[in-house]
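Participant: return a 3D structure for these sequence lines:
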Amino acid sequence: MKPGKRKATKATCSCCPPPPAKNSTNKSKTRVKNNVSSTITNINQVPSTSARQQSHTINLDQAGLDDNISAADNIQAAIDNRDDPTGQQQVQNAEEVMPPLLSPPHIDDDTSSDEESIGDDFLDVVNNHTHSMLSDHQIPVISSSHGHTTNNSTFRPSRASLNKSVYQLLDTALAPSTKASYKNALQRYRIFHNTYYPNAHLFPVSTEQLAQFITVCQHRGLKHSTITSYMSAIGYVHKLHGMVNPLDSFLVKKLLHSLRRHSQTDKRRPFTIQQMHSILKVLKRLVCDRYTYILMRSMFLVAFYGLFRVGEIAYSTKGSYNIVLRENLSFVYNQSQVHTLHITLKSYKHSAGKTASVPVSRQNDSRLCPVRAMLNYLRKTSHTSGFLFIHQSGSPVTTSFFRSILKSCVTACNLDPSRYTSHSFRIGGATLALDNNMSILNIQRLGRWRSSAYKKYLRPATVPLYQDP
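Facilitator: Numbers count the residues shown, from 1 in each chain. Purely as a prediction, here's the structure:
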């Protein structure tokens with residue numbers, strides 16, 4: 001190093017993992033090899049499958065301190081040890097073994113995207129991707145052009161440019177709905193973490209912490225499927241950063257298996273044709289104006305015959321990634337008459353980037369015909385873009401409004417609102433398709449099921465598996 005020049009230290013984000021020390025790995029392996037019995041005894045203190053996580057250093061310059069750790073008290077211990085460039089400081093417990101990899105990030109009013117902060121360090125890619133799910137900022141939707149090529153063989157992009165390209169690919173690896181679900185799950189875990197372990201690092205998550213989080217979720221009455229989705233989000237972060245995944249723990253696997261075994265049977269009931277008649281009849285009496293009646297009638301029938309989830313036809317504050325738009329609606333004519341509606345879903349649950357076209361056909365009974373109901377609704381509106389189902393004011397129908405109207409109709413029909421919900425349209429439509437001899441393959445396509453999950457939606461009347469007490 002030339003005189004007068006100071007070696008620059010690298011700023012590390014508060015949610016970034018510090019680089020592992022090179023000299024501590026061999027010592028850790030030797031200690032584990034020579035002290036097998038003590039390792040088993042202290043298994044909660046030394047992760048046996050990741051010796052390279054046992055010693056770390058964090059080098060922060062003043063700018064990094066100002067930007068990233070002004071609100072993170074739990075990184076203070078890491079700052080105090082930054083003068084140990086070899087990373088050979090011995091650790092004594094599990095909290096010292098685990099680096100402050102993803103401590104709660106400092107959230108300010110800066111609206112710059114995560115992509116802009118990516119530099120030459122490849123770790124910035126993964127850390128910024130994770131930060132986008134841990135922060136309170138809106139999840140960015142990154143668009144990129146496809147098919148662009150260059151014939152300039154001498155073109156050499158910078159490392160920062162390559163890292164930005166990697167970030168774009170990584171950010172689009174998850175569907176928007178999946179990313180929103182992961183973000184919600186990580187926020188739930190952070191609430192648990194700040195309540196029970198306020199002075200510990202947010203990540204990695206220990207087996208003990210994850211087991212306790214599962215128990216908290218169970219006490220809150222969350223379904224097994226919801227808890228499993230929370231686990232997927234936590235596991236995603238660990239695998240992304242190369243950390244020991246607590247989901248691989250035998251204890252965690254048994255807890256999830258126990259939840260699955262003791263999960264209550266799905267008590268939601270399917271709507272039948274007779275019940276659909278009754279619901280539409282009381283709907284006309286309960287709704288105050290004719291436009292809302294025509295609107296809700298079309299939504300009820302489309303949900304029933306198209307096996308739609310409520311979040312696919314109504315707006316939710318949790319996200320509108322899967323909602324149907326007006327431009328996604330097309331018509332199939334038989335001579336001069338509309339015979340079938342085709343509703344295209346650009347995104348849906350477990351879509352994995354694929355689109356789906358849902359056919360909704362004309363029915364002989366005009367009172368239960370979704371095509372007639374939709375044409376009647378479209379005659380009352382003039383919009384050609386935006387959300388398909390809107391109020392007269394132009395605002396989209398929300399999931400809460402949809403559920404409130406349906407609950408009033410169900411109650412007026414002397415049905416149990418805890419068993420007849422918005423999902424009863426989907427269950428009832430699948431059951432009706434089976435009763436009408438539709439093939440299993442076509443039922444799966446109609447309901448957008450890629451697995452055997454469709455089986456629990458089929459409730460044929462000849463097999464009364466779900467009876468009222």
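
Participant: top helix in this protein by residue count?
Facilitator: helix 176-196 (DSSP state H).

Participant: those strands in the stretch 251-400 of the chain, which residues are they?
Facilitator: Assigned by DSSP state E, counting those that start in this stretch, the strands in the stretch 251-400 of the chain fall at 329-334, 337-345, 356-361.

Participant: show me the domain layout of this protein.
Facilitator: Taking automatic domain parsing as the domain assignment, the ranges for the chain are 24-97, 174-264, 273-457.

Participant: lowest-confidence stretch among those?
Facilitator: The minimum mean pLDDT among the domains of the chain belongs to domain 24-97 (a mean of 40).

Participant: returning to what we had before: what's the closest of the strands of the stretch 251-400 of the chain to I443?
Facilitator: Closest approach to I443 among the strands of the stretch 251-400 of the chain (Cβ to Cβ): strand 356-361, 12.4 Å. Where C-beta positions appear, they are placed from N, C-alpha and C, glycine not excepted.

Participant: name every strand pairing with that closest one and say which way it goes.
Facilitator: strand 337-345 (antiparallel) (DSSP bridges).

Participant: how big is the angle separating the partner strand from strand 329-334?
Facilitator: 150 degrees (axes from the mean of the first three to the mean of the last three Cα atoms, to 10 degrees).

Participant: buried sites along strand 337-345?
Facilitator: Within strand 337-345, the residues that count as buried by 16 or more other Cβ atoms under 10 Å are L341, I343, L345.

Participant: between those, which is nearest M231?
Facilitator: Closest to M231, out of all of the buried residues of strand 337-345 and judged by Cβ to Cβ, is L345, at 26.8 Å.

Participant: so what touches the longest helix of the chain?
Facilitator: Contact with helix 176-196 is made by 104, 132-134, 139, 141, 174, 200, 202, 205, 209, 212-213, 216-217, 229-230, 232-234, 236-237, 318-319, 321-322, 347-349, 351, as judged by Cβ atoms under 8 Å, 6 or more residues apart in numbering.

Participant: cutoff 6 Å now
Facilitator: M133, L134, I139, L202, F213, V216, S229, Y230, A233, G319, Y321, N322 (Cβ atoms under 6 Å, 6 or more residues apart in numbering).

Participant: buried subset of these?
Facilitator: M133, L134, I139, L202, F213, V216, S229, Y230, A233, G319, Y321, N322.

Participant: give the bridge partners for T398, please.
Facilitator: Y315.

Participant: and it, how many neighbours?
Facilitator: 15 (other Cβ atoms under 10 Å).

Participant: what comes up buried for stretch 234-244?
Facilitator: For stretch 234-244, the neighbour count (16+ other Cβ under 10 Å) marks I234, G235, Y236, V237, H238, H241, M243, V244 as buried.

Participant: to clarify, my last question referred to stretch 207-225.
Facilitator: T207, Q209, L210, A211, F213, I214, V216, C217, Q218, L222, H224.

Participant: same check, this time on stretch 185-205
Facilitator: Neighbour counts over stretch 185-205 (16+ other Cβ under 10 Å) mark 185-186, 188-189, 192-193, 197, 200-205 as buried.

Participant: check stretch 394-407 too.
Facilitator: So for stretch 394-407, counting by 16+ other Cβ under 10 Å, buried means P396, V397, T399, F401, F402, I405, L406, K407.

Participant: and that stretch, C-alpha only, in CSV?
Facilitator: C-alpha atoms of stretch 394-407 as CSV (Å, rounded to 0.1, in the frame of the first residue of the first chain):
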residue,chain,number,x,y,z
GLY,A,394,-66.0,2.7,-10.5
SER,A,395,-64.2,1.3,-7.4
PRO,A,396,-63.5,-2.4,-7.4
VAL,A,397,-65.6,-4.9,-5.4
THR,A,398,-63.5,-5.9,-2.4
THR,A,399,-63.3,-9.3,-0.8
SER,A,400,-64.7,-8.0,2.4
PHE,A,401,-67.8,-6.6,0.7
PHE,A,402,-68.2,-9.8,-1.3
ARG,A,403,-68.1,-11.9,1.9
SER,A,404,-70.4,-9.6,3.8
ILE,A,405,-73.1,-9.8,1.1
LEU,A,406,-72.7,-13.6,0.9
LYS,A,407,-72.9,-14.0,4.7
